[in-house]
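Participant: how would this look folded up:
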Amino acid sequence: MKKMILVLFSCLFLTLSCYSQELTGFAKVNKIIDGDTVEIQLKETSAKFRLVGIDCFETSKNYRAYKQAYLNKMGINEVIFKGCMAKSYLNNMLYGIKNVKIKIVGIDKYGRLLGVIYGKDNLNINQALLKHGICPSYVYKK
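Facilitator: Numbers count the residues shown, from 1 in each chain. Predicted coordinates:
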């Protein structure tokens, strides 16, 4: 089932990249995974959705969290604290919204949809996280 979903999203991505278009629609947020990744429901299919243009700190002590601590000259507990703050901030921004507006701009190397989530009053959540200093910006490399 997951392979079929990945193939479907890959075809969607190839179609989007051929026409240089973006796909905009509405989705239900099933779960907030961390500050820059959520699980969304598109009709009968759930998928991981990565907020493009940002890279929040990790919420658990894993290899990537230690790398973030080293690169940012921070302690591991500070990285985890900032990651949990980002997740909490995202949760508050999306609280009470049944269906969020999303714009899909691609798929990352892990098979997650990449895009922008819009909250209440069409607020760009990605930009809000960046503007409030919750997480640093990130440019995806092709």
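
Participant: Is it correct that residue 122 is in contact with residue 101?
Facilitator: Yes. Judged on C-beta atoms under 8 Å, residue 122 makes contact with residue 101 at a distance of 7.0 Å. C-betas here are computed from N, CA, C, even on glycine.

Participant: all helices for the chain, in order.
Facilitator: 2-19, 63-71, 76-94, 125-131 (DSSP state H).

Participant: Lowest average confidence across those helices, which one?
Facilitator: Among those, helix 2-19 carries the lowest mean pLDDT, at a mean of 47.

Participant: Let's see the top strand by length along the chain as PDB, backbone CA atoms only.
Facilitator: Taking DSSP state E as the criterion, the chain has its longest strand at strand 23-34. Extracted C-alpha coordinates of strand 23-34, given in PDB (Å, rounded to 0.1, in the frame of the first residue of the first chain):
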ATOM      1  CA  LEU A  23      -0.800  21.600  -6.400                       C
ATOM      2  CA  THR A  24      -3.100  23.500  -4.000                       C
ATOM      3  CA  GLY A  25      -5.900  21.900  -2.000                       C
ATOM      4  CA  PHE A  26      -7.200  21.100   1.500                       C
ATOM      5  CA  ALA A  27      -6.200  18.300   3.800                       C
ATOM      6  CA  LYS A  28      -6.800  17.200   7.400                       C
ATOM      7  CA  VAL A  29      -3.900  17.200   9.800                       C
ATOM      8  CA  ASN A  30      -3.800  13.800  11.500                       C
ATOM      9  CA  LYS A  31      -0.700  14.300  13.600                       C
ATOM     10  CA  ILE A  32       2.000  16.800  14.200                       C
ATOM     11  CA  ILE A  33       5.300  14.800  14.000                       C
ATOM     12  CA  ASP A  34       7.600  17.700  14.900                       C
END
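
Participant: Which neighbouring elements make contact with that strand?
Facilitator: Packing partners of strand 23-34 (3 or more C-beta pairs under 8 Å, 6 or more residues apart in numbering; DSSP states H and E): strand 37-42, strand 45-51, helix 76-94, strand 100-107.
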